[in-house]
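Trainee: need coordinates for the below:
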Amino acid sequence: MWWINGSAPPAGLDPLYILNYAHHLLHTNSKPTASFFFICLTRRDQSTTKSTAMDFQPSHVGYGFHPTDEVLVNHYLRLKMLGGHEQDVSIIEEVNVCDYEPWELPGLIGNQDPNDPKCYFFSPRSYKHANSHRVNTKTEGGFWKLTCKDRIVKAKATKEHIATKKTMVFYQKSVPNGVRTNWIMHEYHPTFSFHNQGIRSLQAEERSRSDHASI
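Mentor: Numbering: from 1, shown residues only. From the prediction side, this is the model:
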């Protein structure tokens, strides 16, 4: 089976997913939605965030949302980009990451347990200027800076290269006087695209300073 736009389906996908995707395009004639960031925050110091645990009732003891890199890319990002699958991705809130400081984001989760060490968000892609192709990485109080080498994300079964993973560190204040914080963000660049639209997926986590070398 081939995709409607003529490209072959990625290796390793569930055949049922392929059929559902083809049915979705043929019967709704919909186009993929805008590009999205994908954010995962890990909080090791719970005191830095405001929890709403009293409002969250887990469905099962030990409940948690802990997707692998492959699941984030090949399932959630694909479905979010295609559109029309809101129920399938409803556990992840949509938030513009640069509208908030990283320590504010954990307080915005809805369907995930706020006491989990990680929380996830979708965020629409935003650019520095209206006609610019440079992605905005600034917040009101700081900025995200690239660090470390890129890593390749592969499908477990096929070993197919499905994304490139970048790492960013959050700095308070502005360049060149930025003050490094303990917040880390992992950004995924999928190798697939629909109608020439790309997406980025980010993962952010809070670690102790001793976990990271200085830039």
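Trainee: I figured Thr191 was touching Lys154, is that so?
Mentor: No. Using CB atoms under 8 Å, Thr191 makes no contact with Lys154, being 10.2 Å away. Heads up, the C-betas are built off the backbone N, CA and C, glycines and all.
Trainee: so what sits against both of these two?
Mentor: Common contact partners of Thr191 and Lys154 (CB atoms under 8 Å, 6 or more residues apart in numbering): 161-162.
Trainee: next, the buried residues of stretch 122-134.
Mentor: Going by neighbour count (16 or more other CB atoms under 10 Å), the buried part of stretch 122-134 is 122-123.
Trainee: let me fix that, I meant to ask about stretch 94-104.
Mentor: Per 16+ other CB under 10 Å, stretch 94-104 contains these buried residues: 95, 97-98, 100-103.
Trainee: and the end-to-end length of that stretch?
Mentor: As for stretch 94-104, its first-to-last residue distance stands at 14 Å under the measure CA to CA, to the nearest Å.
Trainee: circling back: now secondary structure, distance to Asp69 and pLDDT too, for the buried residues of stretch 94-104, in TSV please.
Mentor: Shown next, in TSV, are the buried residues of stretch 94-104 (DSSP: H, G, I helix; E, B strand; the rest coil; distance: CB to CB, whole Å; pLDDT from 0 to 100):
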residue	secondary structure	distance to Asp69	pLDDT
Val95	coil	21	82
Val97	helix	18	82
Cys98	helix	23	86
Tyr100	coil	24	90
Glu101	coil	25	92
Pro102	helix	20	87
Trp103	helix	24	85
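Trainee: where does the chain have low pLDDT?
Mentor: Counting by pLDDT under 70, the chain contains low-confidence ranges at 1-63, 114-117, 193-215.
Trainee: mind doing that once more with 80?
Mentor: By pLDDT under 80, the weakly predicted segments of the chain are 1-65, 81-82, 84, 92, 106, 109-120, 122-133, 135, 186-190, 192-215.
Trainee: any idea whether the nearest residue to Val153 once chain neighbours are set aside is helix, strand or coil?
Mentor: Nearest non-adjacent residue to Val153, counting by CB to CB, 6 or more residues apart in numbering: Ala163, 4.1 Å away. Under DSSP: H, G, I helix; E, B strand; the rest coil, the three-state class of Ala163 is strand.
Trainee: no further queries at this time; thank you.
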